[in-house]
Each structure stands twice: as C-alpha cells, then as structure tokens.
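[1] Fold the following.
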Amino acid sequence: MALRRCWRLTGLLLRLPVPPGSSSPVGRLTVSSFINTYGGFKSAEFQLRRFSSEARNTDVSYERLKQLLADGKAVVVDVREPWELREYGLVPGSVNVPLGQVNTALQLDPEEFREKYDGVMPTRTDTIVFLCLAGIRSKTALNTAVALGYRDAQHYPGGWQDWAEREQRK
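    The predicted structure is shown next:
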C-alpha cells in the first residue's frame, strides 16, 4: 500500500506545471520527505525543490586561476605528460598527474599521493583546477573527478598555451 502511494505521488509530480523557461520537469524536481513526530502523531511534509536546468560552470578564467594560486585555495593539477612539462614548461604551484593516472591517483592514500606526485592530494571538498596543453584533456580529468565525488572540480580551458601567452604579455 505504501508503494502504491509512492507511485501515485510520483505520477502527480510529473504532472505538475513546468516552471517558465524549462522544457520538462523530469530531472528538475525532487521530493524531500521530512517525518515529524509530534505528540505521537506522525505527519509527512513534502517539499519540492527546483534544480537549475543550466549546467554548473566549471571553467576557470586566467585571472581566477592566478587568484586561486596566489591564495593557495585550490589544488591545480596539470594532466599533461612529464615530457610535455619539460618541453613547454609548467604552471608554478601545480601538481603533475598525467591524464591516464588521474582516476587511480584521486583514489590513493594522501601519503602515497604525496610520494608519487610530490604534491598535496585534494580532498573531495577542495577546489581542484585541472589544466593541460589546450583544455581538452583537462575536461576529461574534470569529468573523472566529478564521477569520483569531487564536488568543486573545475578546469582551465585555455590550458598551458593560454597561460604561457598571458604570462609573456606581462
């Protein structure tokens, strides 16, 4: 019987009016149930919460990346291969974790991470900024980190090429 009520509620939610500017309510509404016990009486209070239909912006600008590095408020992970760092250079304060090792590296023990990559391992709540040569591999690393539960993962879409160009203009 409880299952039947649950299905009825789901059907009702899917028929709710669609908020202006969005095309479909599916994936944008959730039901949170709070059970309150008051004097032996149980009541369920349902709360609808609307999620934004826009994807969270995960791109970091050059200025923002400089600020994060200066403040020490982010772990910057360069996902290029070691030979690329030797040939082109590196962003000061970044940790090199080649793209093929990102999945494994983000699941290591912090001490193992420090030994292998000579840097601080980010926690799942830290701000992480991924970068590569031109912004393609960093987007892949970002998706890997998000899949592993890292909440504030971002990437620098300009990559090393944009960084080096802007640094030379100074």
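
[2] For the protein, which segments count as strands?
    29-38, 41-50, 75-78, 94-96, 127-131, 152-155 (DSSP state E).

[3] So which residues lie in contact with the fourth one, not counting its own?
    Under the criterion CB atoms under 8 Å, 6 or more residues apart in numbering, residues 75-78, 80, 82, 85, 90, 117-120, 131 lie in contact with strand 94-96. Where you see a C-beta, it was placed from the backbone N, CA and C, and this is true even at glycine.

[4] Name the strands paired with it and say parallel or antiparallel.
    Paired neighbours of strand 94-96 in the sheet (DSSP bridges): strand 75-78 (parallel).

[5] mean confidence for the partner strand?
    Summarised as a single mean, pLDDT over strand 75-78 is 96.

[6] wouldn't residue 129 be in contact with residue 152 here?
    No. Counting by CB atoms under 8 Å, residue 129 sits too far from residue 152 to count as a contact (9.4 Å).

[7] Selecting buried members of the contacts of strand 94-96 in ChimeraX, what would you type?
    In ChimeraX syntax, the buried subset of these is picked out as below (16 or more other CB atoms under 10 Å):
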select :75,76,77,78,80,85,90,117,119,131
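
[8] What residues does residue 119 make contact with?
    Residue 119 sits in contact with 75, 95-96, 113, where contact means CB under 8 Å, 6+ apart.

[9] Quick check: of the residues you listed, which lies closest to residue 106?
    residue 113 (8.3 Å; CB to CB).

[10] Count the neighbours of that closest one for me.
    Neighbour count for residue 113, taken as other CB atoms under 10 Å: 19.
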